[in-house]
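*Asks:* here is a sequence with its predicted model. Questions after.
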Amino acid sequence: MSDIQLTIDGKKVTVAKGTTIIEAARKAGIEIPHLCYGGWMIPSGDCRLCVVEVAGSKKLAPSCVYPAANNMVVMTSSERVIKARKMVIELLLSDHPFDCMTCEKSGSCRLEKYAYELGVSTSRFKGEKHNFKIDESNPFFTRDYNKCILCERCVKACSDVQFVNAIDVTYRGFKTKVATPYDRPLQDSPCIFCGQCIAVCPTGALTEKARKGKGREWELKKVETVCPYCGVGCNLQLNVKGNQIVKVTSALDSVVNKGRLCAKGRFGFDFVHSRERLTKPLIRVGEKGEGKFRDASWEEVLDLVANKFNEIKKETGPDSLAFLASAKCTNEENFLMQKLARAAAGTNNIDHCARLCHAPSVVGLAATFGSGAMTNSIHEIRHTDCIFIIGSNTSESHPIIGIEVMEAVRNGKAKLIVADPRKIRMVEFAHLWLRQKPGSDVALVNGLVNIILSEGWQDTAFINARTEGFEAMVEAVKEYTPEVTSKITGVPVADLKEAARLYAKAGNAFILYSMGITQHTTGTENVMALANLVMVTGNIGREGAGMCPLRGQNNVQGSCDMGGLPNVLPGYQAVINSESRKKFEKHWKVTLPDKVGLTMVEMMNAIAERKIRGMYILGEDPVLADPNSNHVIEALKSLDLLVVQDILPSETVKLADVVLPGVSFAEKDGTFTNTERRVQLVRKAIEPPGEARQDWMIISDIATRMGYPMKYASPAHIMEEISLLAGNLFGGVNYERLEGNGLQWPCTSEEHPGTPYLHKDQFTCGLGQFKPVKYKGPYENPDEEYPFVLSTGRMLFHWHGGNMSRHSVGLDKIKPEADVEINPVDAKKMSAGDGDLVEMVSRRGKIVTRVKVTDRSPEGVAFMTFHFKEAPVNRLTLDVVDPLAKIPSLKVCSVRINPVKEKAGGV
Ligand code: SF4
């Protein structure tokens, strides 16, 4: 596009043709007042505050929609302009409440700002005042439409930024207001409580409920940090007054999420201030599981833990100890946790919850590509041509990535294929929905590869130049003809062919997947099948083409990178490789164990067999998160010493012998690594409560008392060691360089800019490895006694074991109770309606919960989340594991469901 030159307030400015006057003025450093305009939306020119005078034009021009022209001369604050703006403000004030002294928005209200700047303190127009009822009915925000100026920014944020369409302008004339369909409360509308409307509201019409009376805008300090919930790693600003977080915002230019947040990120921070926070070290006094403790001093608990661990180690060897690192904790804390296990205790028995989500990605992608991480960056999603989502409830589990996908589809460029047994929200945006039977993913993906090969749509040049093992893979997919695949998966042949065509013929294609792919006894094979699909079409190694495991928790990527796994040291350096060990041994001055340690599920079995006697759990809740939780509870109760370090009481804390109070994300410095491998700074915003202590200090103290001194000055100091020992990924990472947008690993030297996408000219392992895989089907199938398939997963308003989200008042209010989704046909058969109680029974346990009747679940399939301790669904799930990645089959097990009349809660 050619450039034009114009003059604004005497300043010459050159801009691209098509630029509006308001944008051109911005370029010249001149801010034109505006209310309805926002750089993120299509401008409407409604509010008329941004008018300017254009030489030669009789009328004033709304600068947000008026295109700049060559040689144009613009005056942004001439007498005419100021007069017009004053009039606009006066008109707006004519029906606006004058309660700025108590309005939460005072200090950041744009109406107040412009009235002040223009010297408008009253209005000549004495109009009628609105008397809209202030809506406080939802737990997150206050809606006071008496202060609404009808700029429609909230409506556009809802429809164009978050793709929700929960609100619009309704009624006519003076009664005009923004409302949901039929003017119902937000909670009865499609609203997802992302709070984007609050973020863009220029006045006090929409404000956060939780902030009321806690601080004026100018009193708030904004601390940049990273969301503690999901692996998207959205950039947050904690708005702090004194030692309290008042609200959460996000900068429009934030690198990961561009100012967008979901309900958890924006409103789910008050767990930090929960009265239930663990604030003192505790020692058990009652029976195990009773949750009765006495207060103790740090000296006492640290000595107790170190002495008992040493005693166990001496009596039955280092492998009688086990450690769980934490995907909620920082890289630095995880690094120290595995160092404690390996260097101080002498065991590789260290694992964490990645075992329950993406262990098959780590194993399957390492075997095929050489690296188990997301290959590309989040922002590339909007530049791709085809997106294939399989086994990912993206809009609920990774909401901001869900929005990226919606944006890509809305731009009209990308085709979207969704493969999921449930009718998830992403289906609404899909060009094609493949509703495969649960557990039939290998057959589905092999079937797509079969069609691609039969049609000759493969990328032969890529296959020849970049891969090996193609022939064996071709042989393996031969039997998955469209007809055979359709029979196994339940997906019509025509849809299979269309999906194969859309994916293979796209210029660039992305695969997004998550736990619907990995949480199976064939999880690794599912991942390998997808890797075959990627390589056969050459959809990797460039911007906009790749395969993206969407990592679950905020720092599950980092916990893996830091070696919180039983087979690898930091930087995925194998424990069985003597060269790798030597490097660490030299630096750590200790001999390291050379045998691969136990995984989470194996640890529980080893505890039951008394092979493990002492365990240290950092910020995890295996009682709720692990499969077959009755078995987990029994195992943990039988330990000689269970140490749990956490910020809030959990089901696992109840079983502990010693409880160590750690600190929340808002109370610590460190780094998290998000799903796109971006290492980002986490910054301390407030002081921790009571005697809660920095987690890295607690771990260091225990190691030191065990006889292995660990001395660090700060998390930045720990990062120096990570950078040195895991130089293959972190060689160029340091806190100074992380300021701003962070760095995407691999970042191997101070000069390395980081890596937005992997496998550019060659795979991390050299040639990509095709892996022939065959469909095996689920381990447990429905039968007469247990006729339902039970699938488990996450939902938008809660997270993992609910330890943070259920201690967040708003999130818990909006979704206080568990329910099991069943199809209307199944509900009718068992005469159960919405809200009725049912008992769910598997071969491993039973629970009671409420029914939600919905066609989201297909007939014969029940779906339930694992966030609720009152209805702990993992009592039912199967602890049979994938033989390669050792992930349990959390997505498929068999249950029966019977209506009951008892009270809700575990049985
Ligand atoms: Fe936090 Fe994930 Fe929501 Fe972003 S999408 S605000 S990281 S929970």
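*Replies:* Nice, thanks for sending it over.

*Asks:* wait, what's in contact with the residue of the stretch 801-907 of the chain found nearest the ligand?
*Replies:* Residue of the stretch 801-907 of the chain nearest the ligand, by C-beta to the nearest ligand atom: residue 805 (9.3 Å). Where C-beta positions appear, they are placed from N, C-alpha and C, glycine not excepted. Residue 805 sits next to 229, 264, 268, 271, 797, 798, 799, 811, 812, 867 when contact means C-beta atoms under 8 Å, 6 or more residues apart in numbering.

*Asks:* restrict these to those near the ligand?
*Replies:* 229, 264 (C-beta under 6 Å from any ligand atom).

*Asks:* stretch 537-557 - what's its average pLDDT?
*Replies:* Mean per-residue pLDDT for stretch 537-557: 95.

*Asks:* pull the CA atoms of that stretch into PDB?
*Replies:* Taking Å, rounded to 0.1, in the frame of the first residue of the first chain, the C-alpha atoms of stretch 537-557 are listed here in PDB:
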ATOM      1  CA  THR A 537       1.400 -34.000   4.400                       C
ATOM      2  CA  GLY A 538       4.500 -32.100   5.300                       C
ATOM      3  CA  ASN A 539       2.600 -29.800   7.700                       C
ATOM      4  CA  ILE A 540       5.500 -28.900  10.000                       C
ATOM      5  CA  GLY A 541       8.600 -26.800  10.200                       C
ATOM      6  CA  ARG A 542       7.200 -23.500   9.000                       C
ATOM      7  CA  GLU A 543       5.000 -20.700  10.400                       C
ATOM      8  CA  GLY A 544       1.400 -21.700  10.500                       C
ATOM      9  CA  ALA A 545       1.900 -25.400  10.100                       C
ATOM     10  CA  GLY A 546       2.500 -27.800  13.000                       C
ATOM     11  CA  MET A 547       1.300 -30.000  15.800                       C
ATOM     12  CA  CYS A 548       0.300 -28.500  19.100                       C
ATOM     13  CA  PRO A 549      -0.200 -30.400  22.300                       C
ATOM     14  CA  LEU A 550      -2.100 -27.900  24.400                       C
ATOM     15  CA  ARG A 551      -0.400 -28.200  27.800                       C
ATOM     16  CA  GLY A 552      -2.800 -28.300  30.700                       C
ATOM     17  CA  GLN A 553      -1.600 -26.500  33.800                       C
ATOM     18  CA  ASN A 554       0.200 -23.100  33.900                       C
ATOM     19  CA  ASN A 555       3.700 -24.600  34.200                       C
ATOM     20  CA  VAL A 556       3.300 -28.200  33.200                       C
ATOM     21  CA  GLN A 557       5.600 -27.500  30.200                       C
END
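
*Asks:* what about that stretch, distance to the chain center?
*Replies:* What separates the centre of stretch 537-557 from the centre of its chain is 14 Å, taken as C-alpha atoms, centre = their mean, to the nearest Å.

*Asks:* against residue 447, how distant is the residue of the stretch 701-850 of the chain found nearest the ligand?
*Replies:* Relative to the ligand, the nearest point of the stretch 701-850 of the chain is residue 799 (7.1 Å; C-beta to the nearest ligand atom). In this view, residue 799 and residue 447 are 34 Å apart by C-beta to C-beta, to the nearest Å.

*Asks:* have a look at these two and say which one is more surrounded.
*Replies:* residue 447 (31 against 26; other C-beta atoms under 10 Å).

*Asks:* for that one, which non-adjacent residue is closest in space?
*Replies:* Spatial nearest neighbour of residue 447, chain neighbours left out: residue 485 (2.8 Å); criterion: C-beta to C-beta, 6 or more residues apart in numbering.

*Asks:* report the buried members of the contacts of residue 805.
*Replies:* 229, 264, 268, 271, 797, 798, 799, 811, 812, 867 (16 or more other C-beta atoms under 10 Å).

*Asks:* nearest to the ligand: which residue in the stretch 151-300 of the chain?
*Replies:* Counting by C-beta to the nearest ligand atom, the stretch 151-300 of the chain gets nearest to the ligand through residue 265 (2.2 Å).

*Asks:* for the stretch 551-700 of the chain, same thing?
*Replies:* Closest point on the stretch 551-700 of the chain to the ligand, by C-beta to the nearest ligand atom, is residue 554, at 6.7 Å.

*Asks:* how about that residue, phi and psi?
*Replies:* Main-chain dihedrals, residue 554, degrees, to the nearest 10: phi -50, psi -40.

*Asks:* show me how far the host helix or strand of residue 586 is from its chain's centre.
*Replies:* Using DSSP states H and E, residue 586 maps to helix 578-588. Distance of helix 578-588 from the chain centroid (C-alpha atoms, centre = their mean) equals 34 Å.

*Asks:* for that helix, C-alpha coordinates in PDB please.
*Replies:* What follows is helix 578-588 as a C-alpha-only set of coordinates in PDB (Å, rounded to 0.1, in the frame of the first residue of the first chain):
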ATOM      1  CA  SER A 578      26.300 -41.400  31.400                       C
ATOM      2  CA  GLU A 579      27.500 -38.300  29.600                       C
ATOM      3  CA  SER A 580      24.400 -36.400  30.700                       C
ATOM      4  CA  ARG A 581      24.800 -37.500  34.200                       C
ATOM      5  CA  LYS A 582      28.500 -36.600  34.300                       C
ATOM      6  CA  LYS A 583      27.700 -33.000  33.500                       C
ATOM      7  CA  PHE A 584      25.300 -32.700  36.400                       C
ATOM      8  CA  GLU A 585      27.500 -34.800  38.700                       C
ATOM      9  CA  LYS A 586      30.400 -32.500  38.100                       C
ATOM     10  CA  HIS A 587      28.400 -29.400  38.900                       C
ATOM     11  CA  TRP A 588      26.400 -30.900  41.800                       C
END
